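1. sharing a model prediction with you, sequence too.
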Amino acid sequence: LVAVLLIGLIAVADRAGFFSFLSVCINLVLLLFALRCYLTGWNIMALTACMIFLFTVLSLLIGNGVNRRSLLAIVVTLLSIAVTAGIYLLVRAVTPALQYQMLEYAVVPDDLSALFFCETMVGGLGAVMDVAISLISTADELLEQNPHIAYDQLRKSVRTVSDDIMGTMVNVLFFTYICGGLPGMLLMLRNAMTMSFVWEYVLSFEMVRFLAGSIGLVLAVPITQLVLRVWVKRQEVAHG
């Protein structure tokens, strides 16, 4: 399967496909390294912040090259994840706690709420990166065609693209996360447990993951517009 994936990427995207595969391999190595660091006592929050930064930078630079698109997409992705994390922590502080003891394989005395938070942020990273690079690539293409294009036109183009991809991406997250909880849900229902019990102890985790990732997707749109506005203003100043 790995060979089929690699051949398919090269056949479809040529050199870019190979570098996309390479970025996945590097991210896998980084993930294994991060897990080893966590098991040796590293702080999970600090470690996750470092990993999100490295995953974002390496994925975009290796997959898309060192250029304006990648750099702007990195800024958009990191800002989107940071704001999403802030919203998540704020909501967690003012709402009842989830039943973290029901997390899969939760057999260690660590702070399970922090572990779940970090898992959720990393889980939504890929989708946010995808939206960020799609929107930035659209705007950058317009800038290459017309370096003096007005910001309002860029904003409208970004909004149009976001309208096209947002529904699909939100549904991708929904099916990915909700389907992940189906085995546990079916097992509980087959053992005569109530739907409310299943919701509290299984689906609540998947729903939080889905909502946090979707919030990140939504935030990527206005943050992209903000980053483009700053970029266009700087270009206008640079060219007088």
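-> Arrived safely. Numbers count the residues shown, from 1 in each chain.

2. can you say which helix or strand has Ala97 in it?
-> Applying DSSP states H and E as the criterion places Ala97 outside every helix and strand.

3. not counting sequence-adjacent ones, nearest residue to it?
-> Nearest in space to Ala97, with sequence neighbours left out and distances taken as Cβ to Cβ, 6 or more residues apart in numbering, is Ser113 at 6.6 Å. For every residue, glycine as well, the C-beta is placed using N, CA and C.

4. quick one, what contacts that neighbour?
-> Taking Cβ atoms under 8 Å, 6 or more residues apart in numbering as the criterion, Ser113 is in contact with 92, 97-98, 100.

5. ok, of the residues you listed, which come out buried?
-> Buried by 16 or more other Cβ atoms under 10 Å: Leu98, out of the contacts of Ser113.

6. adding distance to Ile74 and pLDDT, write the contacts of Ser113 out as a markdown table.
-> Formatted as a markdown table, the contacts of Ser113 follow (distance: Cβ to Cβ, whole Å; pLDDT from 0 to 100):
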| residue | distance to Ile74 | pLDDT |
| --- | --- | --- |
| Arg92 | 27 | 90 |
| Ala97 | 33 | 81 |
| Leu98 | 31 | 81 |
| Tyr100 | 32 | 76 |
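
7. quick one: which of the contacts of Ser113 is nearest Phe174?
-> Leu98 (18.7 Å; Cβ to Cβ).

8. so that closest one sits against Phe116, correct?
-> Yes: using Cβ atoms under 8 Å, Leu98 is in contact with Phe116, at 7.2 Å.

9. who touches both of the two?
-> 205, 208.

10. give the contact list for the most centrally placed residue in the chain.
-> In the chain, the centroid-proximal residue (Cα atoms, centre = their mean) is Leu125; its distance is 1.7 Å. Applying Cβ under 8 Å, 6+ apart to Leu125 gives the contacts 52, 55-56, 77, 81.

11. what about stretch 217-231, distance to the chain center?
-> On the basis of Cα atoms, centre = their mean, to the nearest Å, stretch 217-231 sits 15 Å off its chain's mean C-alpha point.

12. now do it, average pLDDT.
-> Here stretch 217-231 scores 89 as its mean pLDDT.

13. before we move on, what about stretch 197-210?
-> 82.

14. gap between the closest residue to Met195 other than its chain neighbours and Asn43?
-> Leaving out its chain neighbours, the residue that sits closest to Met195 by Cβ to Cβ, 6+ apart is Leu189, at 7.4 Å. Per Cβ to Cβ, to the nearest Å, Leu189 is found 38 Å from Asn43.

15. that older thread, mind checking how far the residue nearest to Ala97 is from Trp199?
-> Taken as Cβ to Cβ, the span from Ser113 to Trp199 is 19 Å.
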